[in-house]
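# when you get a sec, could you give me coordinates for this:
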Amino acid sequence: MALSEFETKRLEKLVGAFVEAHRPAPHIRPELDLAFRIKGQSVEIFEIRPRWRGAPGETMENPVAKATYVRTQDLWRVFWMRADLKWHAYPPVPRVGSIEKFLALVAEDKHACFFG
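Numbers count the residues shown, from 1 in each chain. Prediction:
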């Protein structure tokens with residue numbers, strides 16, 4: 001079951017504020033920017049960069065972090081993208097109780113798994 005409209009708006013506000021606070025300076029954003037998307041029960045944070053050998057203006061996305069809400073357990077599962085390009089549970093803290101705790105975990109990035 002997807003998130004309700006109220007839950008989605010709340011996530012857009014919280015995650016949007018997080019992304020805005022962590023975006024690089026405006027003059028760097030054409031080369032590196034940060035964004036997010038809400039897809040089903042998940043929130044994904046990703047970097048946007050120019051494609052190396054692409055056409056001018058063509059960009060690519062590099063995943064940073066993902067949280068998926070498990071309604072039956074009322075918790076968020078935390079994921080990071082490994083070198084195999086698959087989402088893996090974040091070993092130090094695989095679950096958190098709120099989206100705010102997820103965002104704090106990503107901001108701290110204690111083990112350099114999210115932003116490297």
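# from here on, contacts and neighbour counts on C-alpha atoms
Fine.
# and P92, what element?
Assigned by DSSP states H and E, P92 belongs to neither a helix nor a strand.
# separation between it and D33?
In this structure, P92 and D33 are 27 Å apart, going by CA to CA, to the nearest Å.
# quick one: low-confidence ranges for the protein?
Scanning the chain for pLDDT under 70 picks out the ranges 1.
# residues near the nearest residue to A67 once chain neighbours are set aside, how many?
Nearest non-adjacent residue to A67, counting by CA to CA, 6 or more residues apart in numbering: V78, 4.7 Å away. By other CA atoms under 10 Å, 26 other residues sit near V78.
# ok, R71 next?
If you count neighbours by other CA under 10 Å, R71 ends up with 12.
# contacts only, for it.
When contacts are counted by CA atoms under 8 Å, 6 or more residues apart in numbering, R71 touches no other residue.
# likewise K66?
When contacts are counted by CA under 8 Å, 6+ apart, K66 touches 42-45, 78-80.
# 10 Å instead?
Listed by CA atoms under 10 Å, 6 or more residues apart in numbering, the contact set of K66 reads 36-38, 42-46, 76-81, 87-90, 102-103, 106, 114.
# need the residues that contact the one helix or strand K101 maps to.
Per DSSP H and E, K101 falls inside helix 99-108. Helix 99-108 is contacted by residues 10-11, 14-15, 18-19, 22, 43, 45, 64-69, 75-80, 93-96, 109, 112-115 when judged by CA under 10 Å, 6+ apart.
# how about 7 Å then?
For helix 99-108, the surrounding residues in contact (CA atoms under 7 Å, 6 or more residues apart in numbering) are 96, 114.
# may I have the longest helix seen in the chain exported as CSV, CA atoms only?
Counting residues, the longest helix in the chain under DSSP state H turns out to be helix 5-22. Provided in CSV are the C-alpha atoms of helix 5-22 (Å, rounded to 0.1, in the frame of the first residue of the first chain):
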residue,chain,number,x,y,z
GLU,A,5,-1.3,12.0,0.4
PHE,A,6,-0.7,13.5,3.9
GLU,A,7,2.4,11.2,4.5
THR,A,8,3.8,12.1,1.1
LYS,A,9,3.4,15.8,1.7
ARG,A,10,5.1,15.5,5.0
LEU,A,11,8.0,13.5,3.5
GLU,A,12,8.3,16.1,0.7
LYS,A,13,8.7,18.8,3.3
LEU,A,14,11.2,17.0,5.5
VAL,A,15,13.3,15.4,2.9
GLY,A,16,13.1,18.5,0.7
ALA,A,17,14.5,20.6,3.6
PHE,A,18,17.3,18.1,4.1
VAL,A,19,18.3,18.1,0.5
GLU,A,20,18.2,21.9,0.3
ALA,A,21,20.4,22.1,3.3
HIS,A,22,23.0,19.7,1.8
